[in-house]
Structure formats: C-alpha cells, structure tokens
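Novice: How does the following fold in three dimensions:
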Amino acid sequence: MRFFGFRPIALGLCGLLSTPGAWALSPDEICSQMQAAYGVPAENCPLLTSEPVPAAQTPAASALPDDIEESHIFFPSGGARLDDTAKVKLATVAAVLESAPMRTACLRLTGHSDTIGSAQTNQALALRRAEAVAEALKIGLTDKSRILDVRSLGETLPLPDIPSNSRRNRRVTIEAKTCP
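Specialist: Next up is the predicted model:
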C-alpha cells in the first residue's frame with residue numbers, strides 16, 4: 001500500500017510542551033492550555049484521568065527545529081519503552097486528534113533508529129518503537145483504525161544534519177493526512 005499526502009503532524013504542541021517550565025505545569029494547567037489552543041474540552045483531557053504528570057525537569061535545549069521535536073517521539077538506546085515525557089506527549093496528541101479540527105486525521109507512524117547495532121536489529125527495534133507509539137495513541141483515540149500504517153525504516157533515514165549514530169535518530173515520526 002502506498003500513501004500520499006502524509007505530512008509530519010504539526011499541532012502546535014511545541015508551544016505547549018517544549019517551552020521552558022512547561023513540564024512544571026499541573027495537569028489542570030496543561031488541560032486548560034489544550035482547551036484554549038485546540039478546543040479540547042476539559043472532560044476529554046487525558047491528563048485529568050490518567051496518572052499524575054511526572055515532575056520532570058525542563059527538557060534540555062535541543063538543536064532540532066520545533067516541527068521535528070513536535071512530530072517525533074524519542075527513545076533511549078536499545079529500547080522501545082515509552083518514558084514519562086513520551087507518554088504525556090502522546091496523551092496530548094491523542095486528545096488533540098479527538099478535537100473537532102483533527103477528527104478526520106489519519107496517521108502513519110514510522111520507526112527509526114541510530115546506526116549502533118546491526119541493520120537487521122535496528123529495523124526490528126524501530127518497528128517495535130512504532131508499535132509502542134501506536135498502542136499508546138490507541139488508548140486515547142475513539143477510532144483506532146485512524147492509525148493507517150505502522151512501519152519501520154530502521155537506520156536508513158537519519159535526521160538531516162544529525163550524525164547517524166546520534167540518540168536523536170532513535171525516534172518515531174508521526175505523520176497525518178485526511179482519512180480516506
């Protein structure tokens with residue numbers, strides 16, 4: 001199956017979650033900002049019904065542009081486990097996808113890896129990462145079939161201007177298009 005029209009998802013979450021101090025916000029404050037920015041009603045905010053938001057430190061400044069930070073979920077070395085930061089980001093993405101302006105968006109999730117390890121191992125690991133993101137998003141989506149494609153590119157497509165063995169290449173790209 002060939003997909004046309006997918007673009008990295010750009011929801012404006014960087015303004016909400018990637019600014020200094022954003023991770024210090026309470027779940028109520030994050031939900032209020034989600035409602036103001038995207039029309040996500042407070043009763044649909046996943047952060048009010050899920051585990052408390054972790055008391056994470058503000059993410060370190062990144063050399064990556066906001067659109068890449070926003071449309072990717074990053075992973076630790078050798079793993080496909082979502083950390084607390086990724087879980088909060090994915091819960092927010094799912095809530096935004098359930099809002100009126102995004103209800104017709106379908107997703108393609110593409111797993112990537114760095115070049116540490118064999119190409120075959122990295123291909124499989126990148127797919128497990130994409131599957132982990134899909135499972136996390138499905139929790140918040142009413143229509144789970146909106147996730148059209150879960151795939152792996154392994155180590156074949158590093159981020160531009162980032163060394164292929166960089167931790168930043170351990171990621172899943174979230175792309176959206178209007179559902180068929």
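
Novice: What ranges does this protein have for its strands?
Specialist: 7-8, 72-74, 105-112, 147-154, 171-178 (DSSP state E).

Novice: Let's have these in JSON lines, adding distance to Pro65 and mean pLDDT.
Specialist: Where you see a C-beta, it was placed from the backbone N, CA and C, and this is true even at glycine. Supplementary listing: these in JSON lines, determined by distance: least, CB to CB, whole Å; pLDDT from 0 to 100:
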{"stretch": "strand 7-8", "distance to Pro65": "11", "mean pLDDT": "64"}
{"stretch": "strand 72-74", "distance to Pro65": "11", "mean pLDDT": "93"}
{"stretch": "strand 105-112", "distance to Pro65": "16", "mean pLDDT": "96"}
{"stretch": "strand 147-154", "distance to Pro65": "20", "mean pLDDT": "97"}
{"stretch": "strand 171-178", "distance to Pro65": "14", "mean pLDDT": "94"}
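
Novice: Which elements pack onto the helix ranked longest in the chain?
Specialist: Scanning the chain for the longest helix, with DSSP state H as the assignment, gives helix 119-140. Helices and strands touching helix 119-140, as assessed by 3 or more CB pairs under 8 Å, 6 or more residues apart in numbering; DSSP states H and E, comprise helix 84-97, strand 105-112, strand 147-154, strand 171-178.

Novice: Nearest to Gly140 among those would be which one?
Specialist: If you check each of those against Gly140 by CB to CB, helix 84-97 wins as the nearest, at 2.6 Å.

Novice: Any buried residues in the closest one, and which?
Specialist: 85-97 (16 or more other CB atoms under 10 Å).

Novice: Of these, which is the nearest to Arg170?
Specialist: Of all those, Ala86 has the smallest distance to Arg170: 11.3 Å, by CB to CB.

Novice: who touches that closest one in this structure?
Specialist: The contact partners of Ala86, taken as CB atoms under 8 Å, 6 or more residues apart in numbering, are Ile73, Phe74, Phe75, Val133, Ala136.

Novice: Likewise for Asn169?
Specialist: The contact partners of Asn169, by CB under 8 Å, 6+ apart, come to His112, Ser113, Asp114, Thr115, Glu155, Pro158, Leu159, Ile162.

Novice: now it: how far from His72?
Specialist: 10 Å (CB to CB, to the nearest Å).

Novice: any shared contact partners between the two?
Specialist: With CB under 8 Å, 6+ apart, Asn169 and His72 have no common neighbours.
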